[in-house]
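Colleague: Here is my input; please provide its structure:
(2 chains)
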Amino acid sequence: MENNLQYTQQTPAATAAGDPAEVERSSALPPPPTPKAKTAGEKHGFWHDQWKRIKKYRKLLWFLIPAAAFTLVFSYVPMLGILFSFKGAGFDLTRGDILFNLTHGDWTIQNYLDIFVDTTMFHAVGNTLLINVIRLALCFPLSIVIAVMLSELKNQTFSKVILIIITIPNFLSWAIVIGIWSGFLHPDTGFFGKALTEIGIVNIMAQESWFKPLVIFLSAWKGAGWGCILFYSAIMSIDKTYYESATLEGANKLQKMWYLTLPSILPTIALMLVLNIAGMMAVGFEQVWTMMQADASLINSQITLDTYIYRISNLDASNNVPFATALGVFNGIIGLVLMLVGNAITTKTLKRGLW
Amino acid sequence: MDRNPQMIEAEMTEAEVATQQLATEGAAAVAAVPYVSLSKKEKKALRKANRIRESVLDVILAVVNVVLLLVGTVIIILPLLNYFSLAFNDGYHNLEVVLWPTKFSLFPFEYIFRGDGAVDFWTSFGNSVIITLIVTVVSNLVEAMAAYVLSKKDCPFRSGIMMFFIITMLFSAGIVPIRLLMTMLNLNDTIWSVVLISISNVTHLLYFKTFFEGIPTDIEEAARLDGASELQLFFLIVIPMSLPIIGSCCFFTIVGTWNGYGSALLFITDTPKNVGVMPLAYYIYYFMNKAAKDQTDFEFTMNSANIQAAMMLLSIVPIVMMYPYVVRYIKSGLQIGSVKG
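Modeller: Numbering: from 1, shown residues only, chains lettered A, B, ... in the order given. Below is the predicted model of the structure:
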């Protein structure tokens, strides 16, 4: 067993992506300050040191300004908008503009309390979790399996052609993907829809019980091929001599896959898994919103958290704004927690953070 | 494994350890196979027998592999064929379509190119071109510039500035405040709201930073000694050296902006008066849900499914045309993404 572990732990080095990776990895450690900077820092303190650096980089620092300005205006200014989630029922955009509403009216935390008595919210969180967890459990391994299968092909041209074909759906927008599949599943004109009608399943695109399976299936159809490229290139960069020696020792294909290929791409798998979990709350807005039916009676089985926020902030009555903002903050906090947990996991197991 | 494990391990190679471990985990009965008592001759014979059996297994696996991959490819291709053959089909014969046009007709494309009926399509096509161009150039340029400064190890307040950018990746205030901001700036129902919201892209900043850190500083020092200014250094030396990462990031931006309509959903309401400012993907969404049902023209109604298919096909063309040129950059870009993403 120990023998085997050693064997597999050597291989990941082969997956590293050349020089930048190595440089980055060494810089992930706390960078040792240069002796010069250290003495300067000891003599004159932190600010003097920074001032010297600013002088050194004075011609370069303005490079930061455009990116910082866009981030400030379109990411940080909206964070001030969180204040709206503490506004009471008096919020009314017909009474005055947005700033007027911010400075007038009373403050309350009622909106946050309302979140936890809102039944649709519970359905939305439940649906979001259900869809995302199942999607992760099915689509993520699917990408790895496809990558391994592609790498097993002997004919390079064949594998390239298949790779190109399965990545096509990634370049279609969600509106097109859903359009194509509503056509394909259409009971009258669709190829598959007609076949399904024959065996008695009519128009699954319009059926409530098929909504979640279809959401998951369509995201697999669109994303699995694209998702496999990363794993495929990781497998391709494994040193071929490992496979040769494994063959000489009499390992068969399955053994090579299980004891050589998978352990070698394990760091990539772990990283992508954590990234996927961390970004879980933020995916699927366009897809779910486009697939949702306008029928309000179906809302509880189809709504997800971000489509729910979108829906209530879309409704005309502007007194929904504080509650929708509170829901958005709630959603943001879940996302933040997932990100921080994901970062903690990668820092601990892979010795590097997510950023 | 029970009897004399050290001797076994000394004799066996790693792969055999693996094999045997697989066997012991699988069934206890297999573990009782008396490896030790075999003579060298018998072992050789066993190996030979194993090799033949394994190669048969390998052949079966290879066949299954190819078959499964072909099935997967068919699952991708069938809906595309089935749906896009509508684009070349006569609307009166849609019921007969299987995987190819049954009654060939170019009416859908004629309708779109004729101009009178499909003005909105071309307006939104133009909108998408403008949005994608601006976002791709400005976003990647701006992020690359910031990443260049931050890639310097002794940049002042480096970690503080990084934190400033990374926080926006971790936490966002949600869609309502950003909609209110756009309302305040009077940018709702214009393409500029979509452009402005798409420019900040911290993920690409991190990709660029990782890549720039890998560029040897000697080159920059040499250029500086030759009298290059910081601007020249960046545009004439750093950017040409970073084409793989810049190319793939640009391609990701192009695909994301061309196909995305999440931000358009936020800032542009899907009413008929707004068709002039819709990006293409959003217009197709709108056409699917609304426009096709509002039309009264008989010929249009009969062919609306075909026109929709033709529009979708046309909207894919720019991305598909770009793909062969950037495909070689994509792998390196993705790898950097996985190194630090």
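
Colleague: Flag every residue of the stretch 251-355 of chain A that's near chain B.
Modeller: Among all residues of the stretch 251-355 of chain A, those adjacent to chain B (criterion: CB under 8 Å from any CB of the partner chain) are A:251-255, A:259, A:268, A:271-272, A:275, A:285-286, A:289-290, A:306, A:309-310, A:313, A:321, A:324-325, A:327-329, A:331-333, A:335-336, A:339-340, A:352, A:354-355. From N, CA and C alone the C-beta is placed, and that goes for glycine too.

Colleague: Got a quick PyMOL command for the buried subset of those?
Modeller: PyMOL command restricting these to the buried ones, with burial defined by 16 or more other CB atoms under 10 Å in any protein chain shown:
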select buried, chain A and resi 251+252+253+255+259+268+271+272+275+285+286+289+290+306+309+310+313+321+324+325+327+328+329+331+332+335+336+339+352+354+355
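
Colleague: So which of the residues of the stretch 251-355 of chain A next to chain B are in strands?
Modeller: In strands, defined here by DSSP state E, there are no members of these.

Colleague: close to chain A, is the biggest helix by length in chain B?
Modeller: Assignment by DSSP state H gives helix B:40-84 as the longest helix of chain B. Yes: applying CB under 8 Å from any CB, one finds helix B:40-84 touching chain A at B:47, B:50-51, B:54, B:57-58, B:61-62, B:65-66, B:68-69, B:72-73, B:75-80, B:82-84.

Colleague: Contacts for the next helix or strand after that helix, please.
Modeller: Counting by DSSP states H and E, the next helix or strand C-terminal to helix B:40-84 is helix B:107-114. Residues outside helix B:107-114 that contact it (CB atoms under 8 Å, 6 or more residues apart in numbering or on different chains): B:87-88, B:90-91, B:117-118, B:121, B:300, B:303, B:306-307, B:309-311, B:314.

Colleague: Mind listing what's buried along helix B:107-114?
Modeller: Burial within helix B:107-114, assessed by neighbour count using 16+ other CB under 10 Å, is assigned to B:Phe107, B:Pro108, B:Phe109, B:Tyr111, B:Ile112.

Colleague: hmm, back to that, mind listing which of the residues of the stretch 251-355 of chain A next to chain B are in helices?
Modeller: Within these, membership in helices is found for A:253-255, A:268, A:271-272, A:275, A:285-286, A:289-290, A:306, A:309-310, A:313, A:321, A:324-325, A:327-329, A:331-333, A:335-336, A:339-340, as judged by DSSP H.

Colleague: B:Leu133 - that's part of a helix, no?
Modeller: Yes: assigned with DSSP: H, G, I helix; E, B strand; the rest coil, B:Leu133 falls within a helix.

Colleague: For burial, what's the neighbour tally of it?
Modeller: The number of residues packed near B:Leu133 is 13, by other CB atoms under 10 Å in any protein chain shown.

Colleague: Roughly how far does it sit from chain A?
Modeller: For B:Leu133, the distance to chain A under the criterion CB to the nearest CB, to the nearest Å works out to 17 Å.

Colleague: Are stretch B:180-188 and chain A in contact anywhere?
Modeller: Yes: for stretch B:180-188, a contact with chain A is found by CB under 8 Å from any CB, at B:Leu180, B:Leu181, B:Thr183, B:Met184.

Colleague: Just the buried subset of those, please.
Modeller: Once neighbours are counted (16+ other CB under 10 Å), the buried part of the residues of stretch B:180-188 next to chain A comes down to B:Leu180, B:Leu181.

Colleague: where in the stretch 201-350 of chain A is pLDDT low?
Modeller: Filtered on pLDDT under 70, the stretch 201-350 of chain A yields the residue ranges A:294-295, A:316-319.

Colleague: Good, we can wrap up now.
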